[in-house]
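Student: Task: produce atomic coordinates for the following.
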Amino acid sequence: MSASDLEASTNQTRDVKINIRAKQGQRDLIDIAAQLQGKSRSEFMLESAYQKAQEVLLDQTFFGLNEAKFKQFIELLDAPPAQNEKLQALLITKAPWD
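Tutor: Presented below is the predicted three-dimensional model:
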């Protein structure tokens, strides 16, 4: 969903109720953050939850490939990695905490 979709959905009349229970400290923190952004607690919580839901779904995005492209993709995954001198040096360097 794009930013314009989000804006359009927030301008529509809300007709579904969401109830949650929270600890006093959690509510206080949410109220402070909402106030800093000039939003009500409900606006802040709904926008935050909506953005997090989008992130979760985008992390699971599906992309489709035809058979030829899929074969090429698998070949690239199965191919040995390219030589990388900087990475090799990093991997053999002793960690400062060791």
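Student: And the helices in the chain, which stretches?
Tutor: Taking DSSP state H as the test, the helices found in the chain are 3-11, 24-36, 41-58, 67-78, 85-92.
Student: which residue is nearest the centroid of this structure?
Tutor: residue 55 (2.9 Å; Cα atoms, centre = their mean).
Student: Please report how far that residue lies from residue 48.
Tutor: 11 Å (Cβ to Cβ, to the nearest Å). C-beta: built from backbone N, CA, C; applies to glycine.
Student: Also residue 69?
Tutor: Taken as Cβ to Cβ, the span from residue 69 to residue 48 is 37 Å.
Student: Between these two, which has more neighbouring residues?
Tutor: residue 48 (15 against 11; other Cβ atoms under 10 Å).
Student: For that one, give me its contacts.
Tutor: Residues near residue 48 by Cβ atoms under 8 Å, 6 or more residues apart in numbering: none.
Student: need the helices of the chain in JSON lines with distance to residue 17, can you?
Tutor: Shown next, in JSON lines, are the helices of the chain (distance: least, Cβ to Cβ, whole Å):
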{"stretch": "helix 3-11", "distance to residue 17": "16"}
{"stretch": "helix 24-36", "distance to residue 17": "18"}
{"stretch": "helix 41-58", "distance to residue 17": "10"}
{"stretch": "helix 67-78", "distance to residue 17": "45"}
{"stretch": "helix 85-92", "distance to residue 17": "53"}
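Student: Which of the ones you listed has the lowest mean pLDDT?
Tutor: Mean pLDDT is lowest for helix 3-11 out of the helices of the chain, coming in at a mean of 56.
Student: how close does residue 63 sit to residue 73?
Tutor: For residue 63, the distance to residue 73 - Cβ to Cβ - is 10 Å.
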